[in-house]
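[1] Sequence plus predicted model, see below.
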Amino acid sequence: MSTTQSRPSAATEPEPDGTPQGGGAVKETLEDYTLRFAPRSYRRWTPMVVATTALGGIAYMADFSIGAGIGLSHGTGNALLAIGVAAVLIFVTGFPLAYYGARYNLDLDLITRGAGFGYFGSVLTSVIFASFTFIFFALEGSIMAQGLKLGLHLPLWIGYLVSTFMVIPLVIYGMKALSKLQVWTTPVWLLLMVGPLVYVVAEDPGTVDRFLAYAGTSGDGGINTASVLLGAGVCLSLIAQIGEQIDYLRFMPPRTDKNRRAWWTAVVMAGPGWVVLGALKQAIGVFLAVYILSGVGPAAATEPIQQFRGAFDAMMPSWLVVPLAVVLVVISQIKINVTNAYSGSLAWTNSFTRVTRRYPGRMVFVLVNLGFALALMEADMFSFLNDILSFYSNCAIAWVVTVATDIMVNKYVLKLSPLQPEFRRGMLYAVNPVGVVSFVAASGLSIAMYFHALGDALQPYSPVAAVVIAFVLTPVMALVTRGKYYLRRTDDGVAEPLLDESGNPSASPYTCHVCAQEYERPDVTACVTHEAHVCSLCLSTDRSGEHVLPV
């Protein structure tokens, strides 16, 4: 599978007059198309390889902890309903985002810019997404540290350091390295995860009855709406996972008549379909927590290393139990945390470059993201996991539902938002009130509800408020503004259409006269000062604005 292409020169410093840093962001071996459209010349993977790579990141162990925490608190019935409600919402909102990422080869930040937020407005959501990646990196790192403590007797603080720094070599080379890692480790991970569960159920069918009958510490075994919604709020913190899926799906090949079925299968399976496996793991987490509860107590029952230690203990010699449990945890942590580090670096880099018009390089923000994650681990975030996720979910829900509604309703029903996503500087307004107002209102009110500002009775409904407000206000704002703030310009000054005859982004090459590199059609505009073309990278770092097209 060839992914080679010509490599541009190393970064260059900007000129005193503010000329863009043309070379700094085009060293794609390290940068992996951080700030822009992923060109066809690079996208040499088949749909199934892209899908397998994307789904490899779903190997994280946090789902087992999340499910266990909800189940132990609210009982199995409420936990399963909460998991199901969250999964349906995540699938519905994730589908349009995954389609746009795969069809137009853009990450979620670039999609968000043209889906109601504007060029600078989407900086808000980039920070939300970057926060998601380091929160879940810290969670997975904590789980791995627990495994290293059990298996190798390493102090937790050393385990935190090991889990943080071991991913750096793997994440440096982006998609090229990650595709190989995820494809080769997925079969081993599946075998270690599913094998013991099947054995436990086959050997003792009564475990299923005990699991279904478990009432929880704060329930009586019955279904309670507040409990379901509180549990769903925790699960919905994972709604931003679609951003990490799209970081892989943007490398999908063009959709053609020949690969149409494989293309759609990959997009659905690795896009919104990730939540099917995620929900199953959460349910398994409830099952394993109930299974080991009497032996380890409620505090340890939420730790995946203890859950799988108990499951392996039922089917293997005692000397093999801990090593296998540790292997499973380590493989899972590596598979997801290379994705967390990778996706987080993309989000931070996008935000920083837009705000400062300087490009320090993606690897700088790999280290920044790891620093935030390590700080959370050392603060023992695992002990108050559900509180963090419940609070965070309000912001994540407001963002994802706003963008999904803009695509589904404002683009296809109201036709006030342009169908084709736009991300280039000069083509977009700095801020689009449609998305920004909807997001701020939905997240602000839902967070107020979460912190009991509107009364104790409404507190469990904060996730519902985030969904409803974002879903209603997004089309209302589009109608009020009449779609005026989506596009600053409708013409980018280049005669050739952005899409080819099949509706895929055109692969026609254009040379940027600023950095002298070659880019494909969707990545360039005409230059205002020359009869030439300028790439989106140089537009992003143009501090003087001399190359940016006027209104």
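    Now that the structure is in, tell me what you want to look at.
[2] where in the stretch 1-150 of the chain is pLDDT low?
    By pLDDT under 70, the low-scoring segments of the stretch 1-150 of the chain are 1-32, 34, 57.
[3] Thr265 belongs to a strand, doesn't it?
    No. Assessed by DSSP: H, G, I helix; E, B strand; the rest coil, Thr265 does not belong to a strand; its assignment is helix.
[4] what about it, how many neighbours?
    When counting by other CB atoms under 10 Å, one arrives at 15 neighbours for Thr265. In this view, the C-beta of every residue, glycine as well, is placed from N, C-alpha and C.
[5] what about Ala495, distance to Ala516?
    Distance, Ala495 to Ala516, using CB to CB, to the nearest Å: 22 Å.
[6] Which secondary structure state is assigned to Gly278?
    Under three-state DSSP, Gly278 comes out as helix.
[7] wait, what's in contact with it?
    Neighbouring residues of Gly278 by CB atoms under 8 Å, 6 or more residues apart in numbering: 58, 63, 87, 90, 238, 241.
[8] so what's His530 closest to, chain neighbours aside?
    Nearest non-adjacent residue to His530, counting by CB to CB, 6 or more residues apart in numbering: His513, 5.8 Å away.
[9] Check Pro475 too.
    In space, and not counting its chain neighbours, Pro475 is closest to Val409: 4.8 Å by CB to CB, 6+ apart.
[10] before we move on, back to that, run through the residues that contact the residue nearest to His530.
    527, 530, 532-534.
[11] repeat that with 10 Å
    Applying CB atoms under 10 Å, 6 or more residues apart in numbering to His513 gives the contacts 22, 524, 527, 529-535, 538, 547.
[12] just Glu520 next, same as before
    By CB under 10 Å, 6+ apart, the contact set of Glu520 is 36-42, 105, 498, 505-510, 535.
[13] what does the model give it for pLDDT?
    Looking at Glu520, its pLDDT is 92.
[14] Ser179 too?
    On pLDDT, Ser179 comes in at 58.
[15] about what we covered before: Ala495 and Ala516: who's more crowded?
    Ala516 (12 against 7).
[16] so which helix or strand takes in that one?
    Under the criterion DSSP states H and E, no helix or strand holds Ala516.
[17] Next one: it from Cys538, what distance?
    10 Å.
[18] How about Gly278?
    In terms of CB to CB, Gly278 sits 39 Å off from Cys538.
[19] what does Pro205 give?
    Going from Pro205 to Cys538 by CB to CB gives 65 Å.
[20] and if you look at Asp387?
    Distance, Asp387 to Cys538, using CB to CB: 44 Å.
[21] between those two, which one's more packed in?
    Counted by other CB under 10 Å, Asp387 and Cys538 do not tie: Cys538 has more neighbours, with 28 against 12.
[22] From the contact counts, what lies against whatever helix or strand the more buried one lives in?
    Per DSSP H and E, Cys538 falls inside helix 536-540. If contacts are counted by 3 or more CB pairs under 10 Å, 6 or more residues apart in numbering; DSSP states H and E, helix 536-540 sits against helix 318-356, strand 518-520, strand 524-526.
[23] what's the average pLDDT for that helix?
    88.
[24] Can you mark which positions in that helix are buried?
    For helix 536-540, a neighbour-count test (16 or more other CB atoms under 10 Å) marks 536-540 as buried.
[25] Can I get those in CSV including distance to Thr302?
    Output for those, formatted as CSV (distance: CB to CB, whole Å):
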residue, distance to Thr302
Ser536, 45
Leu537, 45
Cys538, 49
Leu539, 48
Ser540, 43
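[26] Just the buried residues of the helix or strand containing Val464, please?
    Assigned by DSSP H and E, Val464 belongs to helix 462-481. Judged by neighbour count (16+ other CB under 10 Å), helix 462-481 contains these buried residues: 462-467, 469-471, 473-475, 477-478.
[27] now stretch 120-129
    Quick answer for stretch 120-129 (16+ other CB under 10 Å): 120-126, 128-129.
[28] Out of those, list just those in strands.
    In strands, judged by DSSP state E, none of the buried residues of stretch 120-129 are found.
[29] quick one: which of these is nearest to Ala226?
    Ile128 (26.2 Å; CB to CB).
[30] can you give me the helices in the stretch 351-500 of the chain?
    For the stretch 351-500 of the chain, applying DSSP state H, counting those that start in this stretch gives helices covering 362-378, 385-405, 433-450, 462-481.
[31] Which secondary structure elements does the second one sit against?
    Taking 3+ CB pairs under 10 Å, 6+ apart as contact, the helices and strands that helix 385-405 lies on are helix 62-74, helix 76-104, helix 108-112, helix 123-152, helix 225-235, helix 241-249, helix 433-450, helix 462-481.
[32] With distance to Val194 added, can I get those helices in a markdown table?
    As requested, the helices and strands packed on helix 385-405 are exported to a markdown table (distance: least, CB to CB, whole Å):
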| stretch | distance to Val194 |
| --- | --- |
| helix 62-74 | 13 |
| helix 76-104 | 18 |
| helix 108-112 | 30 |
| helix 123-152 | 19 |
| helix 225-235 | 21 |
| helix 241-249 | 21 |
| helix 433-450 | 35 |
| helix 462-481 | 30 |
